[in-house]
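>>> quick one: sequence and predicted model below, then my questions.
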Amino acid sequence: MTYGRATMGLSLSTSHRTFLAAWFGCLAIVSTSRAEATDYGINFSFLNVVAENVALCSTSKNATIKDAAFLPKYDQPEIRAQVQAQLETMRKSGFSTVRTIVFFGPQAKFQKNWFDVVNGAAAGAAIANYATDVKRAGFKSLTIALGPQGTIHPACRRTAWGDCYDQSLLPTVVKFVEDSQRQIKIDDTF
């Protein structure tokens, strides 16, 4: 319970703060004593982030990443080549694991940043090619996270959280996941 409160930023008593500081201190000691066994991971879902738009982030949370998700465009040779170069750079920098978000949403809200929810096969093909590139770059693992967008996201918001969620699309979401998984051959990839 205390840990949950700490992660949510609620106030803690002095004894709880002392306990957490000691606990995190022990974690730091353990991780430094076993540094050679530590895996460092990175989140990687976007290319060509627009640094000039950072000042716009206070009014538009996606100002720097609009149309920058690479997986929906992974069939484009120039995008794939850029991703391969980034993967090599990240691996040489010491990262050994990668986590990538597969954004998907309904056609009516389709953007360049996500897959159409009715076309899981396209997502699966892109993920399979990307997984091959991640392995070739020398990473130990790849984690794929699903990122539903628009009305298929349970927390979508017009005026209140979840007020635009369309639960009737849940079977379509399930089919997207199943179709994308069929395209990916689960073998000794990693």
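Thanks, I have it.

>>> can you check the pLDDT for F19?
For F19, the pLDDT comes out at 35.

>>> can you check T89 too?
So T89 comes in at 96 (pLDDT).

>>> the helix or strand encompassing it: which residues count as buried?
Using DSSP states H and E, T89 falls within helix 77-92. Neighbour counts over helix 77-92 (16 or more other Cβ atoms under 10 Å) mark 79-80, 83, 86-87, 90-91 as buried. From N, CA and C alone the C-beta is placed, and that goes for glycine too.

>>> again with stretch 144-163
So, applying 16+ other Cβ under 10 Å, buried residues of stretch 144-163: 144, 147-153, 156.

>>> report the lowest-confidence entry in the residues you listed.
Minimum pLDDT for these is recorded at C156 (84).

>>> SS state for the residue nearest to it when sequence neighbours are not counted?
Ranked by Cβ to Cβ, 6 or more residues apart in numbering and with sequence neighbours excluded, the top spatial neighbour of C156 is C164, at 4.4 Å. Following DSSP: H, G, I helix; E, B strand; the rest coil, C164 is assigned to coil.

>>> pretty sure C164 sits against R158.
Yes - C164 lies in contact with R158 (Cβ atoms under 8 Å); the separation is 4.9 Å.

>>> on that earlier part again, narrow the buried residues of stretch 144-163 to those in strands?
Using DSSP state E, 144, 147-148 are the members of the buried residues of stretch 144-163 that sit in strands.

>>> residues contacting the closest residue to R99 other than its chain neighbours?
With Cβ to Cβ, 6+ apart as the criterion, R99 has its nearest non-adjacent residue at 4.2 Å, and that residue is T143. T143 sits next to 41, 97-100 when contact means Cβ atoms under 8 Å, 6 or more residues apart in numbering.

>>> same thing with Y130?
Shown in contact with Y130 (Cβ under 8 Å, 6+ apart): 71, 74, 83, 100, 142.
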